[in-house]
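Participant: Give the three-dimensional model of this entry:
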Amino acid sequence: MTASDSATAYWYRKASGGGDPQSAFRLALRYGAGTGVIQNEVEATNLMRKAAEGNVDDAWPLLAERYEQGRGVEKSEDEAAQWFSKAAQLDHPGDGAVSPRMTVSASNGLKRPQPKDPKKPRRRWPSAADLE
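Facilitator: Purely as a prediction, here's the structure:
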């Protein structure tokens, strides 16, 4: 943990406490990876939820994965499906370490989302490595 990482986390924490959902998202990534802070999955999930509820669309699939895997929160397929579905509506199939795994479909339950336009470049989901 470097002084720079700790200082960055400090300012994200300060902005997040002031209600900035993008800062909550950045801080959640840091807590999940232990970058500039002591790794804490519960805090990472709480901050990711704050970001997701603040309409930070990059947070939606990451929060869904946390619910799907039970990382920092009680495992919930229903919550995971809700957040994956929200991300899939934006045509964010992901191509990084994190990608939506399922959406809710009235006709056939849970299914993997497909990009709306296969020729359209995929958006890469952020990771803790992107913070460096």
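Participant: burial measure for Ser76, as a count.
Facilitator: Per other C-beta atoms under 10 Å, the neighbour tally for Ser76 reads 15. Where you see a C-beta, it was placed from the backbone N, CA and C, and this is true even at glycine.
Participant: Can you check my assumption that Val37 lies in a helix?
Facilitator: No. Checked against DSSP: H, G, I helix; E, B strand; the rest coil, Val37 lies outside a helix; its state is coil.
Participant: Report the contact partners of it.
Facilitator: 1, 6, 9, 27, 30-31 (C-beta atoms under 8 Å, 6 or more residues apart in numbering).
Participant: Was I right to think Ala9 contacts Leu29?
Facilitator: No. Ala9 is not in contact with Leu29 according to C-beta atoms under 8 Å; the separation is 10.2 Å.
Participant: where do the contact lists of the two overlap?
Facilitator: Residues touching both Ala9 and Leu29 by C-beta under 8 Å, 6+ apart: Thr35.
Participant: can you pull out the strands in this structure?
Facilitator: Remark: strands assigned in the chain by DSSP state E are 103-105, 109-111.
Participant: what's the least confident stretch among the ones you listed?
Facilitator: Looking over the strands of the chain, mean pLDDT reaches its minimum on strand 103-105, with a mean of 39.
Participant: report the longest helix in this structure, please.
Facilitator: Ranked by residue count under DSSP state H, the longest helix found in the chain is helix 3-17.
Participant: What about Glu77, how many residues nearby?
Facilitator: By other C-beta under 10 Å, 11 other residues sit near Glu77.
Participant: ok, and the closest non-adjacent residue to it?
Facilitator: Spatial nearest neighbour of Glu77, excluding adjacent residues (C-beta to C-beta, 6 or more residues apart in numbering): Glu68 at 7.0 Å.
Participant: so that neighbour makes contact with Ala80?
Facilitator: Yes. Assessed by C-beta under 8 Å, Glu68 is found in contact with Ala80 at 3.8 Å.
Participant: More neighbours: which of the two?
Facilitator: For Glu68 and Ala80, the more surrounded residue by other C-beta under 10 Å is Ala80, and the numbers stand at 23 against 20.
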